[in-house]
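*Asks:* Provided below for reference: sequence and predicted model.
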Amino acid sequence: MENELSIEKKKIGPIALITLNRPSVLNALNREMVNEIITSLKQFDQNDEVRVIVINGKGKAFAAGADIEEMASDHPISLEWLNPFAEWDQIYSVKKPIIGAVHGYCLGGGFELALACDLLIAAERTKFGFPEVKLGVMPGAGGTQWLPKFIGKTKAMEWLFTGDLYDASEVYLYGIINKIVPNELLMEETMKLAEKIANQPPLSIRLIKEAVYKAIDEPLREGMHFERKNFYLLFASEDQKEGMQAFLEKRNPQFKGK
Ligand code: CAA
């Protein structure tokens with residue numbers, strides 16, 4: 001275990017794949033692993049050949065949360081100095097689309113990582129939840145902030161107060177998951193979606209993502225203004241000319257990210 005790399009990464013054409021790799025502890029996220037995930041996300045975000053990033057987990061689970069063994073002896077003062085959750089903010093600065101492919105368990109910090117993905121495909125019977133309350137703590141990497149935005153206050157309170165685990169079929173009803181697929185088709189379906197997005201004009205995808213986060217983060221009026229500016233900006237791109245010209249000429253467009 002100690003010699004294992006805590007994540008694996010590879011590039012499949014324009015798609016970058018990050019695989020959580022601590023299967024013996026259900027991919028519990030220790031600090032070194034979070035650091036590696038963020039470093040890899042930033043590297044792939046800067047790599048011109050990458051258009052979409054996929055995150056999945058090896059073994060029985062996507063991730064069963066932050067590493068409880070590592071956290072157990074933490075103290076407010078050591079946490080204040082280390083500030084381990086500050087670096088999670090960087091996940092939200094990734095400009096390229098991130099797809100989470102989750103299975104087994106998606107809990108606590110693992111659920112927070114999944115919520116930081118732009119799209120989520122879940123294998124049947126995946127269990128989601130925020131069990132932190134049962135450990136005498138609470139989510140620390142954004143769970144209490146993102147969950148009510150996504151599923152509304154009262155359901156978020158229920159999930160966070162009870163720490164219960166919820167089946168993918170129920171979680172799907174709240175719009176957090178894009179699709180539920182049989183376990184054996186998880187990666188095939190995820191890669192299909194990733195390829196579809198990789199074939200879209202990268203600048204549009206980048207500015208759409210940025211604008212959607214404005215809608216979540218900022219007051220509506222500011223978001224509308226931001227969206228409008230991004231829309232106008234796209235008209236400086238070659239891909240806009242190509243996309244519209246191809247439509248008028250009834251042919252498939254060739255997008256270059258310029
Ligand atoms: N941290 C450390 N180790 C973990 C872990 C975690 N979050 N989750 C599972 N493991 C380890 C177990 O200790 C066990 O290790 P050993 O084989 O050495 O005993 C191994 O993974 C397999 O787990 P189980 O035997 O418990 O497997 P199971 O199938 O019986 O149960 C489970 C699965 C219900 C997910 C259970 O493992 C569990 O409840 N895990 C903890 C979930 C949790 O509380 N997550 C929140 C963490 S706090 C957090 O995430 C804070 C934050 O906001 C960032």
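*Replies:* Here it is on my side, so go on. Residues are numbered from 1 along each chain as shown.
*Asks:* now E80: how far from Y92?
*Replies:* E80 sits 22 Å away from Y92, going by Cβ to Cβ, to the nearest Å. Yep, even glycine has a C-beta here, placed from its N, CA and C like the rest.
*Asks:* out of the two, which sits in the more crowded spot?
*Replies:* Taking other Cβ atoms under 10 Å, E80 and Y92 do not tie; Y92 has more neighbours (13 against 8).
*Asks:* quick one: contacts for the residue of the stretch 151-258 of the chain found nearest the ligand?
*Replies:* Closest to the ligand within the stretch 151-258 of the chain is L165: 7.1 Å, counting by Cβ to the nearest ligand atom. Counting by Cβ atoms under 8 Å, 6 or more residues apart in numbering, L165 makes contact with Y105, L107, K127, F128, G129, P131.
*Asks:* which bits of this protein sit near the ligand?
*Replies:* Contact residues (Cβ under 6 Å from any ligand atom) of the chain with the ligand: 25-26, 28, 64-69, 105, 107-109, 112, 131-132, 135, 139-141, 143.
*Asks:* closest one of the contacts of L165 to I121?
*Replies:* In terms of Cβ to Cβ, no member of the contacts of L165 lies closer to I121 than F128, at 13.3 Å.
*Asks:* can I get the CA coordinates of the helix or strand of the chain with the lowest mean pLDDT in CSV?
*Replies:* Within the chain, no helix or strand scores below helix 220-234, which has a mean of 81 by mean pLDDT, DSSP states H and E. Output of helix 220-234 as CSV, limited to C-alpha atoms (Å, rounded to 0.1, in the frame of the first residue of the first chain):
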residue,chain,number,x,y,z
LEU,A,220,-28.3,36.7,-11.3
ARG,A,221,-27.8,40.2,-12.8
GLU,A,222,-24.0,39.9,-12.6
GLY,A,223,-24.2,36.4,-14.1
MET,A,224,-26.3,37.6,-17.0
HIS,A,225,-23.8,40.4,-17.7
PHE,A,226,-20.9,38.0,-17.5
GLU,A,227,-22.6,35.5,-19.8
ARG,A,228,-23.3,38.3,-22.4
LYS,A,229,-19.7,39.4,-22.4
ASN,A,230,-18.5,35.8,-22.9
PHE,A,231,-21.0,35.3,-25.7
TYR,A,232,-19.7,38.4,-27.5
LEU,A,233,-16.1,37.3,-26.9
LEU,A,234,-16.7,34.0,-28.7
